[in-house]
Structures are given as structure tokens and as C-alpha cells.
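Trainee: sequence plus the predicted model coming up.
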There are 4 protein chains.
Amino acid sequence: MTPIDPDYARRCRDSFARQPAMATLGIALGDVAPGRALLRMRVRPELTQQHGFLHAGIVSTGLDTACGYAAFSLMPADAGVLTIEFKVNLLAPARGPELVFEGEVTKAGRTISVADARAFETGDAKAGRKLVATMTATIMTVLGRADVRH
Amino acid sequence: MTPIDPDYARRCRDSFARQPAMATLGIALGDVAPGRALLRMRVRPELTQQHGFLHAGIVSTGLDTACGYAAFSLMPADAGVLTIEFKVNLLAPARGPELVFEGEVTKAGRTISVADARAFETGDAKAGRKLVATMTATIMTVLGRADVRH
Amino acid sequence: MTPIDPDYARRCRDSFARQPAMATLGIALGDVAPGRALLRMRVRPELTQQHGFLHAGIVSTGLDTACGYAAFSLMPADAGVLTIEFKVNLLAPARGPELVFEGEVTKAGRTISVADARAFETGDAKAGRKLVATMTATIMTVLGRADVRH
Amino acid sequence: MTPIDPDYARRCRDSFARQPAMATLGIALGDVAPGRALLRMRVRPELTQQHGFLHAGIVSTGLDTACGYAAFSLMPADAGVLTIEFKVNLLAPARGPELVFEGEVTKAGRTISVADARAFETGDAKAGRKLVATMTATIMTVLGRADVRH
């Protein structure tokens, strides 16, 4: 996929850095490529649910953000990104110690884009990584309103 | 709807209290009734996204939890609750100052239940409340594994 | 809800009549009101799946159409309606003999609207009706392209 | 993925052949492999909507069926398959002349499986094929009730 804005990566990182929720939850932005974004998170006990696993809503927060920046990377420089809706399937408990969220644009549209993301639990090198959740998100390009805080 | 477990309300409150994520995010359990659960949350700046609104993932956390306890209230005493999947529609930015999450069981099944939830932003008494997001969640009853932390 | 186009009902009926799929599947448009649409269908054996119930995809066809016309009723006269995505929960097998699909707009937006629909199985007067499926749909208003066949 | 039932392909074909809806809509089962199913359909004018495209509900019917048989291929011989819910994203109008529906299991569970499917529009050899819709479906294995009509 070809980005409209050659400066897409910096734009994504700037926008991500302006999200207080990311720092609070300990979610970091890893690689950004045109139509793709990867996030990392260490599972913290204070974000778990009653079974000791990361709360499904926090898993969704990572997935949604990965979808959002995957789509945002393909938007024009003066666009804002808005999630309209998403659906999550929780495939396995997310224990950690680390989660990786990989978002990818499935269809980039002028107004509406669709992105898919997967959350993997990473263990030791031997065990490899395990798919714990998937998301499909519908995302809107809001023109004439750069993605800055109002 | 008639609860199988007459002690459902205490069971919901005990389970909710065992979720570290709820305390961390500042989400509190309000009323619980058979097939219904209501949660409240004050919007904190540290959980906002780049536009200054509550992050969609945190809105989802409240909605998912409201759906979960609505369903859990109708489960047997020895059951655990597990969200299989959910879908969220984000209808308006969630500014706060307070959000209310109302979950309600649409179909209670022996193994699979479906619950719907709505998130409202509450302002002053005059303005009334505003619908900001909706969720439909599919929830599984896990028998022989009470809803305690492992 | 207040329709922008006072002639909304005729516009919905005209559009519905231009859908060959509706006649083929035996789905009829009942009441239309601002933000609401009701459809009826008799379950035909040739549209069932391997258990003898109406195929989930056909149930979805009715639900999607109910959502679409609920949203279309609130659109301007020169707008076309486009479903972006939907989610269906199948709560019970749809045996018939008749199904009713009720669609309602949850949030009407200038570009994006959200509608919810429910499918009921209607039996004899005594038994009442039974909820068999629910849908949430995200619908786009396409301006400058009236809802006619191209 | 390893099928539990070595006779999975015949079992899928037998079940598919018992669905009157498939013959009525002109959907045919192509390849079946463990965890995968491919369906084909010619777009018929009598199944189109008001813009002359295949109705989204019919696209969903193909996607749902592809997900169902992808999951069914991994189930025990005495199991029945039941779709609990699905979500569809409609990425482009489905004009045809032919659609291909490819379903694949993302997570096979004892009770709950998740499958994803994609619908492609196939044109001439030069143009290649175009992604028109995606689905994620949650599917239940119903034991002790073989997938025959009751």
C-alpha cells in the first residue's frame, strides 16, 4: 500500500504520543508501515479481571489502536482518524507476560476503511506466540480536522 | 427474568470486587438485578485518546463488564462467566464527566447468552443523558468452575 | 425522529420495490415510519438449511433490509443508502411459519447512521412471538446519488 | 489442521447437499480441506438489490456457509454445526459475474470455534479477483446431534 503522506510514520507516532491512555495502560507503538501498525504491552496485574487475565476491554484497546494507526498511516496529512465500530473475538485468555497487537488495513477507502488486528501472547522463544484475540474495525477518515487534541 | 441463584447480587459484587482492572480504571458497580447490571465511571484525563475523549477501548471495557454481569446474574452459583466476543458501535465522543454503562440480557441460554449494553454520558440535569456507544456481547457459562481467580 | 424528506414513505416503498431479491425471497415491506421499518416473510422450505430452519443468511437479509429502510426513511430525498457492515446474533432457530423483521435507527448521523433490528417468529395468537435474531448495522448516506439502480 | 473425522469431506458434502437454500440461491461447494471450505456462486439478477448488486444478505449467506463448513470439517463425526453470530464488512459492491467465498478456521475449540471468510468477485483472467466482503463467525459444535435434518 502506498501512503498519501510520505511523513506518515512521524504523524502516527506524534498522534500516538498524544494519547494519555497509551502511557497509562503501558501500550507502546512499535513498527509502523503503510497500512500496518504494531503495538506492544506488558500485562500488568492492575489491568486484569477476576480470573487473573488481562481484561477483554484492555485487549480491545490495544487491538483498536493497532487498527486505528494502520488506517491512519494511509490517510492524508490533514486527516483525523475516527473508529466507527469494531468487533472482537476473544480466542484464549491473555496472560502475558507480553502482548503484541498487529493491525493491518484490509480495505482503504476515501471515507471508510476497514482494518483487522490480531493480539498475540508472547512467551519464551521455544513456545512461540499464541493468538489470543482478533478484531475487525471500521474506521472513518475525517478531513479538514487534523488528528490533534481539541 | 428469574435468577437460578437467589444470592446472585452478592455473587456479582464479589466477582466485580476481584477485578483489579475495575478499580484501576475507576469503574464502579451500581445496581444489579436479574439480567441487568449498571456501572458508573468518571472520565479521567489519563484514559483519553488524542482528541481528549475517553478511549474507545475503555468505553468497551465498561460495556463488556456491564454485559458480563448482566449475564452472570442469571447463572448458577458454581458458574464462571466468559466473554466470547463483542461488537461496539461508537456513536459519539465520550467526554464525560461521567459515563453510565447499562447491560441487559437479551437471551439467556444454558451455555450461550447474549447481552446488550449502552453507554450514556451524563451531564447536568437539564441536558439529560446522551447515548455514546452500544455493545452486543456473546457470553458463555462455564460450569464447574466458579468465577474465582485461579 | 423527524424525517428530512416528508415523502420518505413513498421513497422507501419505491426503493424496496426495485429490489428483485425481496420478491425472490418473499420478503414484503410492512409499516414504514420515520426511523423505523417493518418487514414480513413466510418461511419457505427452499430457503432452509440442513436442519430445516431458515438459513441464517436469509434471516440476515431480512434484518439488513429492515435496518436499511429504517435509516433510509430519515435521509434526504437525493440520498442513496449503503450498508457498511452488520453483526447478527442468532438466538433461536427460525422455523416460521412467518418472520417479522423490525428495524429502528439508534443514531442518525449526517454520513453514518446506526440501526438495530430484531427478527421475531410469529406463531399462533396464544404462543405469541419469539425473538430469533438481532442485528446492529452501520449504514452510510451517499449524497448526490439517489437510491436508484445504475 | 488435523481433522478428528477422516471422512470429513464426505460429511461436509452430504450436509451441504441437504441445504435447500444452497440450491435455490445457486451456491455450490468447491474444495473442502481440514479447516477450510470454498464456495462458488454466479450472481443472478433475481437476488440483487436496488442498485443491481448482489444483496448483502446473500453475500452473507455465502460467507456464513463457508465459515460453517470450514469449522464443520474439524468436528467429530456425530457433531452438528450451529452459527451463533457473525459480522460482515461490505467492502465493495458485488456485481459478479461470479463470487467465490473462502472460509477458514481461525481457532478451533471443543465447543466454540471462530472462522473467517472472504468473498471475492472474479472477473476475467486479466483483472484478477477483487475482495468484496469479509466475515468473522462464531460457531458452536453441538455434540450428540449429528448434522442431519430433524
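Mentor: It's in. Numbering: from 1, shown residues only, chains lettered A, B, ... in the order given.

Trainee: what strands flank the longest strand seen in chain A, and is each parallel or antiparallel?
Mentor: For chain A, the strand that runs over the most residues, judged by DSSP state E, is strand A:129-142. Within its sheet, strand A:129-142 is paired with strand A:80-90 (antiparallel), strand A:112-122 (antiparallel), according to DSSP bridges.

Trainee: could I get the ones you listed as TSV with mean neighbour count, mean pLDDT and distance to D:L38?
Mentor: In short, each C-beta sits where N, CA and C put it, glycine included. As requested, these are exported to TSV (neighbours: other CB atoms under 10 Å in any protein chain shown; pLDDT from 0 to 100; distance: least, CB to CB, whole Å):
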stretch	mean neighbour count	mean pLDDT	distance to D:L38
strand A:80-90	24	97	22
strand A:112-122	23	97	20
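
Trainee: of those, which is nearest D:E98?
Mentor: Of all those, it is strand A:112-122 that lies closest to D:E98, at 22.7 Å by CB to CB.

Trainee: before we move on, back to that, list the buried residues in the longest strand of chain A.
Mentor: Within strand A:129-142, the residues scored as buried using 16 or more other CB atoms under 10 Å in any protein chain shown are A:132-142.

Trainee: and if you look at stretch A:101-112?
Mentor: A:101-109, A:112.

Trainee: go on, stretch A:28-47?
Mentor: Under 16+ other CB under 10 Å, the buried positions of stretch A:28-47 are A:29, A:32, A:34-41, A:43-44, A:47.

Trainee: list, one by one, the residues from chain A near chain D.
Mentor: Neighbours of chain D within chain A, by CB under 8 Å from any CB of the partner chain: A:87, A:89, A:91-92, A:106-107, A:114, A:116, A:131, A:134, A:136, A:138.

Trainee: residues in contact with the residue most central in space within chain A?
Mentor: Per CA atoms, centre = their mean, the C-alpha nearest to the average position across chain A is that of A:A66, at 1.4 Å. By CB atoms under 8 Å, 6 or more residues apart in numbering or on different chains, the contact list for A:A66 reads A:37-39, A:101-103, A:115, A:117, A:135.

Trainee: got JSON lines for those, with distance to D:Y8 too?
Mentor: Converted to JSON lines, those look like this (distance: CB to CB, whole Å):
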{"residue": "A:A37", "distance to D:Y8": "37"}
{"residue": "A:L38", "distance to D:Y8": "36"}
{"residue": "A:L39", "distance to D:Y8": "37"}
{"residue": "A:F101", "distance to D:Y8": "34"}
{"residue": "A:E102", "distance to D:Y8": "31"}
{"residue": "A:G103", "distance to D:Y8": "33"}
{"residue": "A:A115", "distance to D:Y8": "33"}
{"residue": "A:A117", "distance to D:Y8": "30"}
{"residue": "A:M135", "distance to D:Y8": "29"}
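
Trainee: so which pair among those residues is furthest apart in space?
Mentor: Applying CB to CB across these, the maximum distance is between A:L38 and A:M135, 14.0 Å.

Trainee: need the helices for chain A, in chain order.
Mentor: A:8-17, A:20-25, A:56-72 (DSSP state H).

Trainee: I figured A:H51 hits B:S15, correct?
Mentor: No. Judged on CB atoms under 8 Å, A:H51 makes no contact with B:S15 at a distance of 9.7 Å.

Trainee: common neighbours of those two, please.
Mentor: With CB under 8 Å, 6+ apart as the test, A:H51 and B:S15 both reach B:D147.

Trainee: of the residues of chain A next to chain D, closest to A:P20?
Mentor: So of the residues of chain A next to chain D, ranked by how close each gets to A:P20 (CB to CB), first place is A:T138, at 24.5 Å.

Trainee: and the gap between the residue lying closest to that closest one once chain neighbours are set aside and chain D?
Mentor: Nearest non-adjacent residue to A:T138, counting by CB to CB, 6 or more residues apart in numbering or on different chains: A:I84, 4.6 Å away. Going from A:I84 to chain D by CB to the nearest CB, to the nearest Å gives 11 Å.

Trainee: any regions of chain A where pLDDT drops low?
Mentor: Chain A contains residues with pLDDT under 70 at A:124-126, A:145-146, A:148-150.

Trainee: list the residues that contact A:G68.
Mentor: A:G68 touches A:37, A:81, A:83, A:103, A:115, A:137, A:139, counting by CB under 8 Å, 6+ apart.

Trainee: meant to ask about A:A77, not that
Mentor: A:4-5, A:7, A:11, A:146 are the contacts of A:A77 under CB under 8 Å, 6+ apart.

Trainee: from chain B, how far out is A:A28?
Mentor: Counting by CB to the nearest CB - A:A28 and chain B are separated by 15 Å.

Trainee: that residue bridge partners, please.
Mentor: A:R40.

Trainee: ok, it touching A:L38?
Mentor: No. Assessed by CB under 8 Å, A:A28 is found out of contact with A:L38, at 9.7 Å.

Trainee: if we can go back for a sec, quick check: the farthest pair among the residues of chain A next to chain D?
Mentor: Pairwise over the residues of chain A next to chain D, using CB to CB, the maximum falls at A:A92 and A:K107, 27.3 Å.

Trainee: neighbours around A:D78, how many?
Mentor: 12 (other CB atoms under 10 Å in any protein chain shown).

Trainee: within range of chain B, give me the residues from chain A.
Mentor: Near chain B, when you scan chain A using CB under 8 Å from any CB, you find A:15-16, A:18-21, A:23-24, A:45-52, A:55-58, A:60-65, A:80, A:83-90, A:147-150.

Trainee: tell me the contacts of A:T65?
Mentor: A:16, A:19, A:22, A:27, A:37, A:39, A:101, A:103, B:55, B:57 are the contacts of A:T65 under CB under 8 Å, 6+ apart.

Trainee: list just the nearest of those residues to chain C.
Mentor: A:G103 (17.0 Å; CB to the nearest CB).

Trainee: contact partners for that closest one?
Mentor: A:G103 neighbours (CB under 8 Å, 6+ apart): A:36-39, A:63, A:65-71, A:115-117.

Trainee: what of A:A94?
Mentor: By CB under 8 Å, 6+ apart, the neighbours of A:A94 are A:43, A:53-54, A:59, A:119, A:121, A:132-133.

Trainee: do A:D14 as well
Mentor: With CB under 8 Å, 6+ apart, A:D14 has no contacts at all.

Trainee: and which of the contacts of A:A66 is nearest D:P76?
Mentor: Among the contacts of A:A66, and counting by CB to CB, the member closest to D:P76 is A:M135, at 29.9 Å.

Trainee: now do the contacts for A:G35.
Mentor: Contacts of A:G35 by CB under 8 Å, 6+ apart are A:1, A:70-71, A:73-74, A:104-105, A:108.

Trainee: just those residues: which are in strands?
Mentor: Short answer: those in strands (DSSP E) are A:104-105.

Trainee: want to throw the contacts of A:G35 into a markdown table with distance to A:P97?
Mentor: Converted to a markdown table, the contacts of A:G35 look like this (distance: CB to CB, whole Å):
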| residue | distance to A:P97 |
| --- | --- |
| A:M1 | 32 |
| A:A70 | 25 |
| A:A71 | 29 |
| A:S73 | 28 |
| A:L74 | 32 |
| A:E104 | 24 |
| A:V105 | 29 |
| A:A108 | 34 |
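
Trainee: wait, which of the contacts of A:G35 is closest to chain D?
Mentor: When those are compared against chain D (criterion: CB to the nearest CB), the nearest one is A:A108, at 10.1 Å.

Trainee: surely that closest one touches A:M1?
Mentor: Yes. Look at A:A108 against A:M1 with CB under 8 Å: they come within range, at 6.5 Å.
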